[in-house]
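In: coordinates for the following, if possible.
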Amino acid sequence: PSIEVPASALRDEPIRVEIVGLDPGEAVTLRSRARSRDGTEWGASATFEVGADGTVTVGEQAPVESRYYDRPDAMGPFWAMRPVGADPTEPLPPDALFRPPAESFEVTLTAEAGGRTLAEATTVRRMYDRDIVSVDPPGDIVGSAFLPPGDDPAPGVIHLHGQGGTPFVSLARLLASRGVATLALQYFGDAEPLSDTLSEVPVEYVDRAVDWLGSHERVAGGVGLFGFSRGASLALLAASRNDDVGAVVGWAPSGVVYEGLDADRSPAGTAAWSIDGEPVPYLELAAADPGPPPAPALPLFEPPLDAVSSQRLEAATIAVEDADAPIYLASVTDDRRWPSTRLSERVVDRLDATAYPHSYRHDAFASAGHFVTPPYLPTAGTMRDPVDVYGGTPAANARANAAAWERTRSLLTSSPSSLTSSPSSDPRK
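Out: Numbering: from 1, shown residues only. As a prediction, this is how the structure comes out:
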């Protein structure tokens, strides 16, 4: 018997896993193992019935027994891993998260039957293509930028992080590996010339970044904006006033502007964003106590949607219909940070009402939580961390990650036809 698997692949690439040369009808257990950056061993297992041809194809067969994943899923052995010894039916401690090594990590697959090891194979998951090129933005733009391998022209995108304030450099490297010149832009924090906190961040700063990336000799076809959480709100706002933006992607987004935050994450008393030096209209956060950490932030963000007047809500709603680009939104129905599905529906309602001329799509991923990320890393630790509760389940989060990433990559590589201008969401069960 042997396990047939590619020697290596990028971390977001689904791969085929087959066990061949087995006895038809026998029960075979496939185990996966990997080590996180801190040396912790993570693993998953599932038992399959061997087919009449002596083969187990993980992506085409449901396990007959597994507490990790229960559907035909080629990538189940990867995303379903959790710390070895942890009960798959119990939540992990808040500080448990698979943090991969910076460049790559190995996943070892083992086939067992009757207490015997039948076969073993190792596949390497590469975090990015080592041939991507790092470029330095000018001094008034803070972030990390990467170009795809080679010399060919490439589409460009600026990624906007959430309220944590840290640019998603690993995501930028991965997008560059997939052919998209990417700037992971930091828009508040300690670095000069940024605002120290998430309050009255100038939208014009994003405009400067769009101008810089769009003028690079390798970038062709416009620059997109891709934001996560608060960054998705900023992406929509910036696109609504900048015709040079060629595409908009929002993960766990909001079409409504909310109050910003001070350094201690308390309400800032002003908007998160500003235009021409003035705070944009916004909704104040609710005066609620989410409880001791880790805690959900939903009690801060959801009540204002119902408590304010229709006039104030309208004023705080982003005029997304003024954008000049295709739009893709990925929300999650078990979002414990803010009601991203409801906030995304406001975007779609405006686009529907104005006969928006570009393609647009909203996918509301059922049972998934706020922690949306590129796919196939273990998701068991993405429901909460020591401070925040994000929601979801490992399986629902994994499905949302894979589908949202596929749709996002398609749009950013100049395939707006992949979107549908339907007013309805497209929940993934």
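In: just give me the neighbour total for the nearest residue to residue 175 once chain neighbours are set aside.
Out: Closest residue to residue 175 in three dimensions, ignoring its sequence neighbours and counting by Cβ to Cβ, 6 or more residues apart in numbering: residue 182, at 4.3 Å. From N, CA and C alone the C-beta is placed, and that goes for glycine too. Residue 182 has 32 neighbours, counted by other Cβ atoms under 10 Å.
In: what sits against residue 182?
Out: Counting by Cβ atoms under 8 Å, 6 or more residues apart in numbering, residue 182 makes contact with 145-146, 156-159, 171-173, 175-176.
In: helix/strand/coil for it?
Out: Per DSSP: H, G, I helix; E, B strand; the rest coil, the local secondary structure of residue 182 is strand.
In: follow-up on the earlier one: of the contacts of residue 182, which is the nearest to residue 102?
Out: Within those, the smallest distance to residue 102 is 9.3 Å, found for residue 173 (Cβ to Cβ).
In: isn't the closest one up against residue 133?
Out: No: here residue 173 lies out of contact with residue 133, judged by Cβ atoms under 8 Å, at a distance of 10.7 Å.
In: who has more neighbours out of these two?
Out: A count of neighbours by other Cβ under 10 Å puts residue 173 above the other of residue 173 and residue 133, at 22 against 14.
In: excluding chain neighbours, what is closest to that one?
Out: On the basis of Cβ to Cβ, 6+ apart, the spatially nearest residue to residue 173 that is not a chain neighbour turns out to be residue 128, at 3.8 Å.
In: tell me how far the one you found lies from residue 134.
Out: Relative to residue 134, residue 128 is positioned 11 Å away (Cβ to Cβ, to the nearest Å).
In: neighbour-wise, which of those two wins?
Out: Using other Cβ under 10 Å, the more surrounded residue of residue 128 and residue 134 is residue 128, with 23 against 12.
In: from residue 177, how far off is residue 249?
Out: Taking Cβ to Cβ as the measure, residue 249 and residue 177 are separated by 17 Å.
In: which strand residues bridge residue 113?
Out: Taking DSSP bridges, one obtains residue 116 as the residues bridged to residue 113.
In: give me the pLDDT value at it.
Out: Residue-level confidence at residue 113 comes out at 97, pLDDT.
In: ok, it to residue 309 distance?
Out: Plainly put, residue 113 is 66 Å away from residue 309 if you go by Cβ to Cβ.
In: more crowded one of the two?
Out: residue 113 (18 against 8).
In: tell me how far that one lies from residue 380.
Out: Residue 113 is 26 Å from residue 380, where distance means Cβ to Cβ.
In: over to residue 7?
Out: When distance is defined by Cβ to Cβ, residue 7 is 26 Å away from residue 380.
In: what about the two, which has more around it?
Out: Taking residue 7 and residue 380 together and counting by other Cβ under 10 Å, residue 380 has the greater number of neighbours (25 against 8).
In: quickly list what the residue nearest to that one when sequence neighbours are not counted is bridged to.
Out: On the basis of Cβ to Cβ, 6+ apart, the spatially nearest residue to residue 380 that is not a chain neighbour turns out to be residue 82, at 3.9 Å. Partner residues in beta bridges with residue 82, using DSSP bridges, are residue 43.
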